Each structure stands twice: as structure tokens, then as C-alpha cells.
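[1] I would like to see how this sequence folds:
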Amino acid sequence: MAKTNLTKLCESALWKENAKMGVFGCFEVSIGWEGREIVDFITYKTNNEFRCYEIKVSKADYHSKANVSFVGDYNYYVMPTELYKELRKDARKQVEDNDRLSEKEKDNLYDTRLKNLGIGLFVVSPNGLLTNKVSAKRKNISHGEKSTLLESMVRSLNREVKKFYKIDPYWGSEVFPQEQLELISEVQ
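    Below is the predicted model:
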């Protein structure tokens, strides 16, 4: 299935935000050897910290039965500003008649629910700016889980590199098999 322009906008904003020294990221990371869970975007920082991002671009996407893979030290939703506004309105409608909540509490109910779950939220403006609306709480994941995440990232990054090397003529049209063998033997 082709990605929508909104999905590409969110991916681009995430990539730009995380293109820093000591931060390594990858899209569509299959977790574990079975790959039953897929994280839309995951970053690994050299301080041994993983951040997982789930991109949602519509209410149907947000409410879908698909697994949300919040398996990192910090976990976030990433969505367009308009979807964020819709979800906030929907949450407020659910408690409109509740007299125990103040107007401000009703307005912020969606954000409060995410905070209580420890999930962060980034919104992406139509011009591609990423804004943190809700900070994520740190989860303590085990060394074994971190190892699995790192191995999963390596496999997914290898998949991306394979795509890159298929670009013609990446190695150049002048390199022939015998020359490749000679280049390899020089390196060894």
C-alpha cells in the first residue's frame, strides 16, 4: 500500500528532528525474529536509549485494531495537527456533561490521558514542523529487550541499505566482477 502524503510529511519531520550526531533512526522496524510487531520509526541514542514513534494520520488509523508498538524507553504518537485537534474535540465530547471537571480539564482530557499512559505526542504542522505536545515518561526496559530492539534495527537498516545499493549505477558502470574481487583483496 502506498504511503499518503500526510504519512510522508510525518516521516520527513521525524527524520529531520532526529538527524543528529549520536542518534540513529530507522523506519518500519520489525521487532524480533517473527516480526509480528512493527514500529513506524525507532531511534537509538548512544546513551543506550530507544525511542519508538507510531505515526497516525487519520481517526480510522488511530482507532484501528493494528498493534501499537510502544516498546522503547520513550514512546510517542506522531500525527498531523488537524488529527490532534479532532481527537481533543472527541475526548471533550465524551465528558461534556461531567460537572466535576473544569472547562480546562475537559479541553485537555486527551493530553491528560496520554500523560497518564506515559505516552508522548508530537504533532506535525502542514509545513512539516514537529512540536512536542506531551512528554513521554521513561519506561524501564530490560537489557534483553534492548538487545532485541538493536538487533531488529540492524536487520531493518540492512533492508534499507539493500534498497540503496540497487540504485543504478551505485557501484558505477565501469566496475566489473574481476575488478570488484581485486578491490576486495586490496582491502583485506
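[2] For Glu160, which non-adjacent residue is spatially closest?
    Closest residue to Glu160 apart from its sequence neighbours, by C-beta to C-beta, 6 or more residues apart in numbering: Cys26 at 6.7 Å. Yep, even glycine has a C-beta here, placed from its N, CA and C like the rest.
[3] now swap in Asn47 and tell me
    Asn47 sits nearest to Gly22 (C-beta to C-beta, 6+ apart), 7.9 Å away.
[4] phi, psi of the one you found?
    Phi and psi for Gly22, reported as degrees, to the nearest 10, are phi 80, psi 10.
[5] Tell me if I'm right that it and Thr46 touch.
    Yes - using C-beta atoms under 8 Å, Gly22 makes contact with Thr46 at a distance of 4.3 Å.
[6] show me the biggest helix of the protein in terms of residues.
    Under DSSP state H, the helix in the chain containing the largest number of residues is helix 143-165.
[7] buried stuff in it?
    Using 16 or more other C-beta atoms under 10 Å as the burial criterion, the residues of helix 143-165 that qualify are Glu145, Lys146, Thr148, Leu149, Ser152, Met153, Ser156.
[8] what's the offset of that helix from the middle of its chain?
    14 Å (C-alpha atoms, centre = their mean, to the nearest Å).
[9] So what touches stretch 61-71?
    With contacts defined as C-beta atoms under 8 Å, 6 or more residues apart in numbering, stretch 61-71 is touched by 31, 36-40, 50, 52, 54, 56, 77, 79, 83, 87, 119, 139, 141, 145, 149.
[10] Among the residues you listed, which lie within helices?
    Leu83, Leu87, Glu145, Leu149.
[11] Now stretch 86-104: buried residues?
    Glu86, Leu87, Arg88, Ala91, Arg92, Leu101.
[12] ok, now how distant is Asp107 from Leu117?
    To Leu117, Asp107 is 19 Å away according to C-beta to C-beta, to the nearest Å.
[13] Would you agree Ser125 is in contact with Thr81?
    Yes - using C-beta under 8 Å, Ser125 is in contact with Thr81, at 5.4 Å.
[14] circling back: just list the residues touching the residue nearest to Glu160, thanks.
    Applying C-beta under 8 Å, 6+ apart, the residues near Cys26 are Phe41, Ile42, Met153, Ser156, Leu157, Glu160.
[15] If we use 10 Å, what do you get?
    Contact analysis of Cys26 by C-beta atoms under 10 Å, 6 or more residues apart in numbering lists 39, 41-44, 152-160.
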